[in-house]
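> below are the sequence and a predicted model; questions follow.
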Amino acid sequence: MEETSLRKRREGEKSLQSDEPKTTDLQKELGLFSGICIIVGTIIGSGIFISPKSVLSNTGAVGPCIIVWAACGILATLGALCFAELGTMITKSGGEYPYLMEAFGPIPAYFFSWTCLFVIKPSSFAIICLSFSEYVSSPFYAGCSPPQVVVKCLAAAAILVITIVNALSVRLGSYVQNVFTAAKLVIVAIIIISGLVLLAQGNTKNFENSFEGTKLSVGAIGLAFYNGLWAYDGWNQLNYITEELKNPFRNLPLAIIIGIPLVTGCYILMNVSYFTVMTATELLQSQAVAVTFGDRVLYPASWVVPLFVAFSTIGAANGSCFTAGRLVYVAGREGHMLKVLSYISVKRLTPAPAIIFHGIIATIYIIPGDINSLVNYFSFAAWLFYGLTIFGLVVMRFTKKELKRPIKVPIVIPILVTILSVFLVLAPIISMPAWEYLYCVLFMLSGLIFYFLFVHFKFAWAQKISKPLTMYLQMLLEVVPPEKAPE
């Protein structure tokens, strides 16, 4: 997979369908079980360890909190089914980019690419590393919050290490990913099994009057969904490997229908486990929910929880850096960012400039932000484009009737997901406005400046500015254009 990402790809594709000419053919080696594992492994990361507190604070009670977790799983499943239709109808790589290009043209597609590079991917990387630093530092500050300077310095250090690892070696980055993916499954199993044992022993007191104190405001519900859906992010990833699935027209929807509800069940059971040992008030006062759970249930082996949560979050951060670095690389190769970002390290054969660029932007987000504000920032931008992409599916039902649709969901599903996406984007802004939404919009609009200067009109003076920078970075990092990279 890594090798194909470094090869020069053929231009002038003749079709959006799967019979378009390709330079390489991917082997169909992934079955239904592999597809389910990819969904589960991609979604479960740091979100379930940081979002329960925020979901509860916005819903106000145990009952609606668990309902929100279930509803988020349903919404993620419906969204993934819509993306399954898009992924088998338009088989170009690049995620939402080719779907938006086909439905609405180049400017919305470019906006998505720009927003991913400067908002969605780096803010996700920052959130995961901040959650890692909170879990690592919380055992050393029992009974109080770790100082923000400690949390942010640890997060910046995590970003630096992960960036270096992925810039140095593809193999090393993959090895780190494989090791820490197993850790997340271990800690999820420990929390669920411990909770079920306690529940079977009659620890149900915290579930009595579970709807008392419920908050029903539109803005609070929207923010609760923001935080819940952050934990489900990754639901749209399976259609990226459609060409590698055996019998994808059967296994793709089946993997989605089985995989995401399986994650939903794990998330609900983990929240139930938390509430078996903590009241709603205690959970809200906890600095790290899983650590508090471990202290009360697993003592004297409670150190296992923060250790494995740290492993899980590092694995999620490493995966985020790996994939986002490739996205920046593709954007540079396609001319949507500085060309140097598509260059490849001569010695390491990694897209080092793209990975370093991504790490720098993520570090900048850590300085002024906290986890909750960054989650809102991320979710607002992500669901703006998820909704627009799925609305594009509705539009193409009428404007692109000639395209083959091996998987075709009932049109009521994309319409429903589009309406819910509009609610998720607008509800928190209208009822609980915050600066991060304005910053996000300004970042997206600033992409127009770059687009017209460097992409659309390609002004000569803009090219003269970028050329010396490209030459300097090329010498400093020892990188070359992808067509000149050694095999």
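Structure's in. What do you need?

> shouldn't A290 be in contact with L307?
No. Counting by Cβ atoms under 8 Å, A290 does not reach L307; the two are 10.8 Å apart. (Glycine included, C-beta is placed from N, CA and C.)

> any low-confidence regions in the stretch 351-487 of the chain?
Scanning the stretch 351-487 of the chain for pLDDT under 70 picks out the ranges 454-467, 469-470, 472-487.

> helices of that one, start to end?
Here the stretch 351-487 of the chain has its helices, by DSSP state H, counting those that start in this stretch, at 352-366, 371-399, 412-431, 435-450, 460-477.

> in CSV, list those along with mean neighbour count and distance to G228.
Output for the helices of the stretch 351-487 of the chain, formatted as CSV (neighbours: other Cβ atoms under 10 Å; distance: least, Cβ to Cβ, whole Å):
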stretch, mean neighbour count, distance to G228
helix 352-366, 23, 21
helix 371-399, 22, 9
helix 412-431, 18, 11
helix 435-450, 15, 18
helix 460-477, 12, 40
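
> need the ones you listed in JSON lines (columns: distance to I159).
Formatted as JSON lines, those follow (distance: least, Cβ to Cβ, whole Å):
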{"stretch": "helix 352-366", "distance to I159": "5"}
{"stretch": "helix 371-399", "distance to I159": "13"}
{"stretch": "helix 412-431", "distance to I159": "27"}
{"stretch": "helix 435-450", "distance to I159": "19"}
{"stretch": "helix 460-477", "distance to I159": "18"}
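
> quick one: L393 and I36, what's the gap?
Separation of L393 from I36 (Cβ to Cβ, to the nearest Å): 24 Å.

> ok, V422 next?
31 Å.

> swap in T59?
29 Å.

> who's more crowded, those two?
Using other Cβ atoms under 10 Å as the criterion, T59 and I36 rank with T59 on top: 28 against 21.

> the more buried one touches W69, doesn't it?
No. Using Cβ under 8 Å, T59 makes no contact with W69, being 9.8 Å away.

> which residues of the stretch 151-300 of the chain score low on pLDDT?
Confidence mapping of the stretch 151-300 of the chain against pLDDT under 70 gives the ranges 173-174, 177, 239-244.

> for it, what spans make up the helices?
Going by DSSP H, counting those that start in this stretch, the stretch 151-300 of the chain shows helices at 170-200, 218-232, 248-277, 280-285, 289-297.

> of all those helices, which one comes closest to V136?
helix 289-297 (10.0 Å; Cβ to Cβ).

> show the average pLDDT along the next helix or strand after the closest one.
Tracing the chain C-terminally past helix 289-297 and defining elements by DSSP states H and E, one meets helix 304-333 next. Average pLDDT, helix 304-333: 77.

> which secondary structure elements does helix 304-333 sit against?
Identification of packing neighbours for helix 304-333 by 3 or more Cβ pairs under 8 Å, 6 or more residues apart in numbering; DSSP states H and E yields helix 47-59, helix 121-137, helix 148-168, helix 170-200, helix 289-297, helix 352-366.

> could those helices go into a markdown table alongside distance to A231?
A markdown table is the format used below for the helices and strands packed on helix 304-333 (distance: least, Cβ to Cβ, whole Å):
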| stretch | distance to A231 |
| --- | --- |
| helix 47-59 | 3 |
| helix 121-137 | 11 |
| helix 148-168 | 19 |
| helix 170-200 | 12 |
| helix 289-297 | 12 |
| helix 352-366 | 19 |
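
> any idea which of those helices is most buried?
Greatest average neighbour count among these goes to helix 121-137 (a mean of 27), per mean count of other Cβ atoms under 10 Å.

> can you name every helix or strand that that one contacts?
Packing partners of helix 121-137 (3+ Cβ pairs under 8 Å, 6+ apart): helix 47-59, helix 148-168, helix 304-333, helix 352-366, helix 371-399.

> how about TSV for the ones you listed, with distance to I190 added?
Below are the helices and strands packed on helix 121-137 laid out as TSV (distance: least, Cβ to Cβ, whole Å):
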stretch	distance to I190
helix 47-59	12
helix 148-168	23
helix 304-333	7
helix 352-366	29
helix 371-399	23
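
> relative to F211, which of those is closest?
Closest approach to F211 among the helices and strands packed on helix 121-137 (Cβ to Cβ): helix 47-59, 9.7 Å.

> next helix or strand past the closest one?
That would be, after helix 47-59 and using DSSP H and E, helix 62-89.

> what's around G105, how many residues?
10.

> check the gap between L307 and A255 for me.
31 Å.

> and what of Y377?
From Y377 to A255 the distance is 30 Å (Cβ to Cβ).

> with K400 instead?
Taking Cβ to Cβ as the measure, K400 falls 25 Å from A255.

> which of these two has more neighbours?
Taking neighbours as other Cβ under 10 Å, K400 and A255 compare with A255 leading, 26 against 16.

> can you tell me the closest non-neighbouring residue to the more buried one?
Leaving aside its sequence neighbours, A255 sits nearest to G35 (Cβ to Cβ, 6 or more residues apart in numbering; 3.3 Å).

> then S286?
Distances taken as Cβ to Cβ, 6+ apart place T292 nearest to S286, at 4.2 Å, with adjacent residues excluded.

> what residues are up against that neighbour?
T292 makes contact with 277-278, 282-283, 286 under the criterion Cβ atoms under 8 Å, 6 or more residues apart in numbering.

> ok, 10 Å please
T292 makes contacts with 138, 274, 277-278, 282-283, 285-286, 302, 305, as judged by Cβ atoms under 10 Å, 6 or more residues apart in numbering.

> which of the residues you listed are buried, as a PyMOL select command?
Per 16 or more other Cβ atoms under 10 Å, the buried members of the contacts of T292 correspond to this PyMOL selection:
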select buried, resi 138+274+277+278+283+286+302+305
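
> now, which of the contacts of T292 sits nearest V161?
The shortest approach to V161 among these belongs to S138, at 19.8 Å (Cβ to Cβ).

> that closest one and Y97: what is the separation?
S138 is 39 Å from Y97, by Cβ to Cβ.

> and what of S137?
Between S137 and Y97 the computed distance is 38 Å (Cβ to Cβ).

> before we move on, what about P108?
From P108 across to Y97, the span is 10 Å (Cβ to Cβ).

> the two: which has the busier surroundings?
Y97 (23 against 19).

> check whether the more buried one really touches A103, as I assumed.
No. Applying Cβ atoms under 10 Å, one finds Y97 not in contact with A103, separated by 11.2 Å.

> give me the common contacts of these two.
Common neighbours of Y97 and A103, using Cβ under 10 Å, 6+ apart, are 109, 389.
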